[in-house]
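**Student:** Model the following, please.
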Amino acid sequence: MEKWILYEDNHIIVVNKPPRILVQGDKTGDSTLLDLTKKYIKKKYNKPGDVYLGLPHRIDRPASGIVILSKTSKSLSRMSQLFREKNITKQYWAIVKNKLKATAGTLTHFLKKN
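**Tutor:** Down below sits the predicted model:
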């Protein structure tokens, strides 16, 4: 988990999520990035009791990428507002099999589950 941490301060923790890791729980009951990060914080700072960690955004399970988690309710409120007002945006990149014909534009297609 420690190698996934890109940045941490008193208010937020930024994690490079690997593919196939859930950000938050679902019906599978699989371990989540939220749970793993709480365990990391609890151990690193020797915290008694529960660790608070807010989730201002998510990315899909198959995707890898940066996830920002809030360590306080105040930072969660502020981070949520930044995403809501589009002051922070998400950008997805895709790996494709063949070279695209155009360098810019919109590609509408179906995703194939591997």
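**Student:** ok, the one residue sitting closest to the centre of the chain - contacts?
**Tutor:** The centre of the chain sits closest to V67, judged by C-alpha atoms, centre = their mean, with a distance of 2.6 Å. Counting by C-beta atoms under 8 Å, 6 or more residues apart in numbering, V67 touches V14, V15, K17, V23, L33, H57, R58, I59. Quick note: C-beta positions are derived from backbone N, CA and C, even for glycine.
**Student:** what helix or strand does N16 sit in?
**Tutor:** strand 12-17 (DSSP states H and E).
**Student:** If we go by neighbour counts, what in that strand is buried?
**Tutor:** I12, I13, V15, K17 (16 or more other C-beta atoms under 10 Å).
**Student:** Check these against V51 and report the nearest one.
**Tutor:** Proximity of the buried residues of strand 12-17 to V51 (C-beta to C-beta) peaks at I13, which lies at 10.5 Å.
**Student:** shouldn't that closest one be in contact with T37?
**Tutor:** Yes. With contact defined as C-beta atoms under 8 Å, I13 reaches T37; the gap is 6.3 Å.
**Student:** The protein: helices as residue ranges?
**Tutor:** 33-44, 73-84 (DSSP state H).
**Student:** Quick one: the strands in the protein, in order.
**Tutor:** 5-8, 12-17, 65-70 (DSSP state E).
**Student:** Kindly reformat the ones you listed as JSON lines containing distance to K42.
**Tutor:** Listed next are the strands of the chain as JSON lines, based on distance: least, C-beta to C-beta, whole Å:
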{"stretch": "strand 5-8", "distance to K42": "14"}
{"stretch": "strand 12-17", "distance to K42": "12"}
{"stretch": "strand 65-70", "distance to K42": "14"}
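**Student:** any weak-confidence spans in the protein?
**Tutor:** Across the chain, the ranges flagged by pLDDT under 70 are 111-114.
**Student:** Could you identify which of the helices of the chain is most buried?
**Tutor:** helix 33-44 (a mean of 17; mean count of other C-beta atoms under 10 Å).
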